[in-house]
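Novice: predicted model follows, preceded by the sequence.
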2 protein chains.
Amino acid sequence: MNPPSHPADAPALTYRDAGVDIDAGNEAVRRIRNLVAKTHRPEQEGLDGLGGFAGLMALPAGFAEPVLVSCTDGVGTKLLVAIALDRHDTVGVDLVAMCVNDLLVTGAQPLFLLDYIATGRVRPELVESLVRGVVDGCVQAGASLLGGETAELPGMYQDGHYDLAAFAVGVVDRARVRGPQAVRAGDIAIGLRSSGLHSNGYSLARKALLSPEHAGLSLDAALPGGAGETVGDALLEPTRIYAPAFSALRSLDARVAPAEQALRGAAHITGGGLLENPQRALADSLAVELDLTRVPLPPIITCISDQGVAPAELRRTFNCGLGMILYVAPEQRAPALTALERAGEAPIELGRVVPRESPSAPQVRFAGE
Amino acid sequence: MNPPSHPADAPALTYRDAGVDIDAGNEAVRRIRNLVAKTHRPEQEGLDGLGGFAGLMALPAGFAEPVLVSCTDGVGTKLLVAIALDRHDTVGVDLVAMCVNDLLVTGAQPLFLLDYIATGRVRPELVESLVRGVVDGCVQAGASLLGGETAELPGMYQDGHYDLAAFAVGVVDRARVRGPQAVRAGDIAIGLRSSGLHSNGYSLARKALLSPEHAGLSLDAALPGGAGETVGDALLEPTRIYAPAFSALRSLDARVAPAEQALRGAAHITGGGLLENPQRALADSLAVELDLTRVPLPPIITCISDQGVAPAELRRTFNCGLGMILYVAPEQRAPALTALERAGEAPIELGRVVPRESPSAPQVRFAGE
């Protein structure tokens, strides 16, 4: 093009004048480069920097018929707790967890993750803290942080506010995809503990705990019934990443044919809580009976329920102490429990998968109710 | 857990009271399901709905050593234009374009995309409009919309505001990865036209065109120097998706060995504009000379430059009429140009890749300046 005219009567106008600071963005990129290297996987060898505009990774060896598994999620209004406390180095763990836990239930091995950070004004130290958490989560998940975007969007976010989203990709052999097609009546439902609220239900949790018309607690008050942690600590507790547990089961199952695997399916207890997630890994013809009396209710859930949240609403919104439910072949019960314990879990036997009484009958039943 | 107590003196509290409407979310899901089916790819056969918590897709056949390529992006403050005009069915095309154009430059074939929509309050008809655009973009790109998340985040977005992010995955054979390792001195730089601003520089564009201290135009005013379109139309013009052009080049190149391919590399002219993107596909030892006098300057760029944006700032911020620059082997010039024209492009020969004069010399030079 011809160099554009620049009338003397018009004020000089730059991208920075318009609220976008490319230099701050570049500084943020410099700060995170070394962090991201911690998540490097061998499948990236020889591919780093190729392409230039995107991240590249080969597939791991040993997949007869590789199927890619992908999902995306965010952290939700848990971010408002991090912003209120000005603590930003753990919500990245939540972000990775919310994506990777959705991948794991399919039987997939996590491969890589990309993050999206949007804010009104890029503060390099904030971006560094956020990515530090994402990297911590990727290391826990065994996933490479293959790329990301930091978007500076003046006028779209209040000052100091930001949003996070992530996207994860994993791989599984077609014959070993887990889910409704594999779970059978008689399978054992095994629960894995949550670390607290994980990343769901925060709009309700914040209203119940913090608003003056309810508990009216401050973030630095001690959590009633807690072990000395503050309300803020309890709300910001990072979501558990169940990659080690699933890795242990994959190692166990790799020795046997797909039909003989211990893991038949799993349900990540995410948005929709215990009422809407367990059946997502069940065929319409099946139901599951869960004995929740075996599950210790986290103190923060008790505090929320004490504010007048009905049991059904509580279970529709929160994980209520269970971050993951595994459906395990009964003949593999003992080795599966051993593998989970070796992976650091305290697995809880909750009940069994049973035939559903009728197409209108609930697929999740709670023992003794 | 034991059913939590529900003290009579506490008001009943629900997730909806806290601003989150799960039913509206489910209604949005119903509205988009049929749209998404339009993007279905054969590699999803037999995998739909398996896993339940994530999207599954097999790899296309015929890759000797498949390499996955992935990237993420958003639409930026172009969204504020869509919100101001209350027109939400095209920004999804921009979202897909910003991701897929980054994939294409590596030589990858797009496989699938996932979208993340965040808003203060889920309005199903808004989500449907947004996803309609994403689906249109995916159809243009030949990518499946494999999953997505609609996040309702009360207190994080102003009423009526939303943010979008997407993540795309493609596949390329390792030997056919395009980029700095493949581009050579003597390669021809061929430009592909942009449709306007695409999705970069909107904070500056909006300030220059709309703010009273600059042009002070209204969105429904006719664009000065335009063909009758309004300022709003020009600002909202969807980003071009270059998948057909790259598909034509892949078909051409599939007949020859990787070293003989017409396409050696490409640069998506995205954030950083013409000053920062062309060299992202060049080794440090190379530079490129671009003759921009051959590139018609879109009227909207002229309007912005007339507000006192210096030429360097303009080129650092906007695509200035070129959405993509291809680096093509000179001996393949004629068939490449023919393939691009057959794909509906009006390719512009801009210049050549040359040895860089020194490590401190600029990698992008503009002819006649």
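Specialist: Received the coordinates, thanks.

Novice: quick one: low-confidence ranges for the stretch 51-200 of chain A?
Specialist: A:51 (pLDDT under 70).

Novice: mind listing the helices for it?
Specialist: Counting by DSSP state H, counting those that start in this stretch, one finds helices in the stretch 51-200 of chain A at the ranges A:78-85, A:91-104, A:124-141.

Novice: so what's the residue most central in space within chain A closest to, chain neighbours aside?
Specialist: Computing the C-alpha centroid of chain A and ranking residues by Cα atoms, centre = their mean puts A:Met98 first, at 1.2 Å. Closest residue to A:Met98 apart from its sequence neighbours, by Cβ to Cβ, 6 or more residues apart in numbering or on different chains: A:Asp73 at 3.9 Å. (Each C-beta comes from the backbone N, C-alpha and C, glycine too.)

Novice: quick one: contacts for A:Ile300?
Specialist: Counting by Cβ atoms under 8 Å, 6 or more residues apart in numbering or on different chains, A:Ile300 touches A:Gly196, A:Leu197, A:Ala205, A:Leu209, A:Leu223, A:Gly226, A:Ala234, A:Leu235.

Novice: give me the subset of those residues lying in helices.
Specialist: A:Ala205, A:Leu209, A:Ala234, A:Leu235 (DSSP state H).

Novice: what is the burial count for the second one?
Specialist: If I follow you right, that is A:Leu209. A:Leu209: 24 surrounding residues under other Cβ atoms under 10 Å in any protein chain shown.

Novice: would you mind measuring from it to B:Ile22?
Specialist: 20 Å (Cβ to Cβ, to the nearest Å).

Novice: returning to that earlier point: of the ones in helices among the contacts of A:Ile300, which is the nearest to chain B?
Specialist: Taking Cβ to the nearest Cβ as the measure, chain B sits nearest to A:Ala205 out of these, at 8.3 Å.

Novice: I'd like the distance between the closest one and B:Ile22.
Specialist: Taking Cβ to Cβ as the measure, A:Ala205 falls 15 Å from B:Ile22.

Novice: that older thread, please tell me I have it right and the residue nearest to A:Met98 contacts B:Gly148.
Specialist: No: using Cβ atoms under 8 Å as the test, A:Asp73 is too far from B:Gly148 to be in contact (10.0 Å).

Novice: okay, and the common contacts of the two?
Specialist: Shared contacts of A:Asp73 and B:Gly148, defined by Cβ under 8 Å, 6+ apart, are found at B:Tyr116.

Novice: more crowded one of these two?
Specialist: Ranked by neighbour count (other Cβ under 10 Å), A:Asp73 and B:Gly148 place A:Asp73 first, with 30 against 23.

Novice: got the contacts of A:Ile300 as JSON lines, with distance to A:Arg342 columns?
Specialist: Shown next, in JSON lines, are the contacts of A:Ile300 (distance: Cβ to Cβ, whole Å):
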{"residue": "A:Gly196", "distance to A:Arg342": "24"}
{"residue": "A:Leu197", "distance to A:Arg342": "27"}
{"residue": "A:Ala205", "distance to A:Arg342": "33"}
{"residue": "A:Leu209", "distance to A:Arg342": "36"}
{"residue": "A:Leu223", "distance to A:Arg342": "31"}
{"residue": "A:Gly226", "distance to A:Arg342": "29"}
{"residue": "A:Ala234", "distance to A:Arg342": "29"}
{"residue": "A:Leu235", "distance to A:Arg342": "31"}
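
Novice: check the residues you listed and tell me the two furthest apart.
Specialist: Spatial extent of the contacts of A:Ile300 (Cβ to Cβ) is set by the pair A:Ala205 and A:Gly226 at 14.1 Å.
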